[in-house]
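# Here is my input, please return the structure:
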Amino acid sequence: MAKNKQNQSQDAPSVDEFVQRIDELTSDLQRTRADFENYRKRTEQEKQMARMTGEATAITRLLPVIDNIERAITHIPDDLADNKWAQGVAGLVKNLEKSLDSMDLKKIDSKPGTVFDPERHEAIQMDEDTQGEHEVIAEELQAGYTLHGQPIRTAMVKVKRQ
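This next block holds a predicted model:
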């Protein structure tokens, strides 16, 4: 029986081995938790990017329709200016702009005299007869838009020097 107890004490793990094993398991658990947290953050970021991409794609497809409505309103014949139907269409554009504004879609400032910004404006024409140190917008040819502060369509403009 003395031999049996002696063999058991030799076969049984020591306290140091238990502590070492607990440390290894704790370290594995901490790595697993960190990996899971990184995975959770990454998938949340990917979902957010997919949502924003879908939103930008949908709005980009609507922009030509908005452009056409705005062009139609700016070219309403004088004899129809007081027409209730024409005024209703103009009101429609205002409602559409409010809806787009609530989605954080903003028109890029491209009024004549605005400083040309190549990140927000695309120069389609250049007035070569003007001279000066600064490039400014002479005319907006097509409106540009930003979504959440990022350009989704640059404004097409005619540029002159001032």
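# The protein: helices as residue ranges?
Along the chain, the segments classed as helices by DSSP state H run 2-11, 15-74, 84-102.
# Mind checking those helices for the one nearest to Gly113?
Among the helices of the chain, the nearest to Gly113 by CB to CB is helix 15-74 (19.4 Å). C-beta coordinates here come from the backbone N, C-alpha and C atoms, glycine included.
# What is the closest one packed up against?
If you count contacts as 3 or more CB pairs under 8 Å, 6 or more residues apart in numbering; DSSP states H and E, helix 15-74 packs onto helix 84-102, strand 145-147, strand 150-153.
# Given the second one, what are its sheet partners and their directions?
Counting by DSSP bridges, the strands paired with strand 145-147 are strand 105-107 (antiparallel), strand 150-153 (antiparallel).
# Give the buried residues for the last one.
Looking back up the chat, that one is strand 150-153. Pro151, Ile152, Arg153 (16 or more other CB atoms under 10 Å).
# quick one: the closest residue in space to the second one that isn't next to it in sequence and Leu147, what's the gap?
Counting by CB to CB, 6 or more residues apart in numbering, Ile152 lies nearest to Ala56, which is 5.2 Å off, once chain neighbours are set aside. Taken as CB to CB, to the nearest Å, the spacing of Ala56 relative to Leu147 amounts to 5 Å.
# One more: Arg40?
Distance from Arg40 to Leu147, by CB to CB: 26 Å.
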